[in-house]
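>>> dropping a prediction and its sequence here:
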Amino acid sequence: MRRRTRNNFSPEAQLHRELQDTALALRCAYERFNYVCEAELVEASVYEINSLTARYNYLIRRAKAQGAPADEKAESCVAAAATEGGGPCLS
């Protein structure tokens, strides 16, 4: 039995996968934000989070427009304040 490549999935399945990938990237961006200390990296992390949030919201709107059931949508992302962060910056 051959494995399916990403291009062979239905548009709904591709959208679901994009939602999952974007949610994971957003969680990783929040984690990076929690650990950076330099001002430039903090600013870059904020831009990355804003960009990924905009993409995630766009994908959610697309999923809703397609009528995807709620259980097929990616889980909501957690705000940085709600996660366990790193220690304070000492520099």
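Right, received. Where do you want to start?
>>> so which bits of the lengthiest helix in the chain are buried?
With DSSP state H applied, the helix covering the greatest number of residues in the chain is identified as helix 39-66. Along helix 39-66, these residues count as buried under the neighbour rule (16 or more other C-beta atoms under 10 Å): 45, 48-49, 52, 55-56, 59-60, 63. Just so you know, the C-beta spots here come from the backbone N, C-alpha and C atoms, and that holds for glycine as well.
>>> switch those over to a markdown table; also include pLDDT.
As requested, the buried residues of helix 39-66 are arranged in a markdown table below (pLDDT from 0 to 100):
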| residue | pLDDT |
| --- | --- |
| S45 | 96 |
| E48 | 97 |
| I49 | 97 |
| L52 | 97 |
| R55 | 97 |
| Y56 | 97 |
| L59 | 95 |
| I60 | 95 |
| A63 | 92 |
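>>> same for the helix or strand hosting N34, what does it pack against?
Mapping N34 onto the secondary structure by DSSP states H and E places it in helix 11-35. On a contact count with 3 or more C-beta pairs under 8 Å, 6 or more residues apart in numbering; DSSP states H and E, helix 11-35 meets helix 39-66.
>>> tell me which strands and helices the helix it packs on is in contact with?
Packing contacts for helix 39-66, counted by 3+ C-beta pairs under 8 Å, 6+ apart, involve helix 11-35.
>>> tell me the angle the helix holding N34 makes with helix 39-66.
160 degrees (axes from the mean of the first three to the mean of the last three C-alpha atoms, to 10 degrees).
>>> pLDDT value on V46, please?
In the prediction, the pLDDT value recorded for V46 is 97.
>>> and for the one 5 residues further on?
In this model, S51 is scored at 97, pLDDT.
>>> where does pLDDT dip in this structure?
Counting by pLDDT under 70, the chain contains low-confidence ranges at 1-7, 68-91.
>>> returning to what we had before: what comes up buried for the helix holding N34?
Using 16+ other C-beta under 10 Å as the burial criterion, the residues of helix 11-35 that qualify are 15-16, 18-19, 22-23, 25-27, 29-30, 33.
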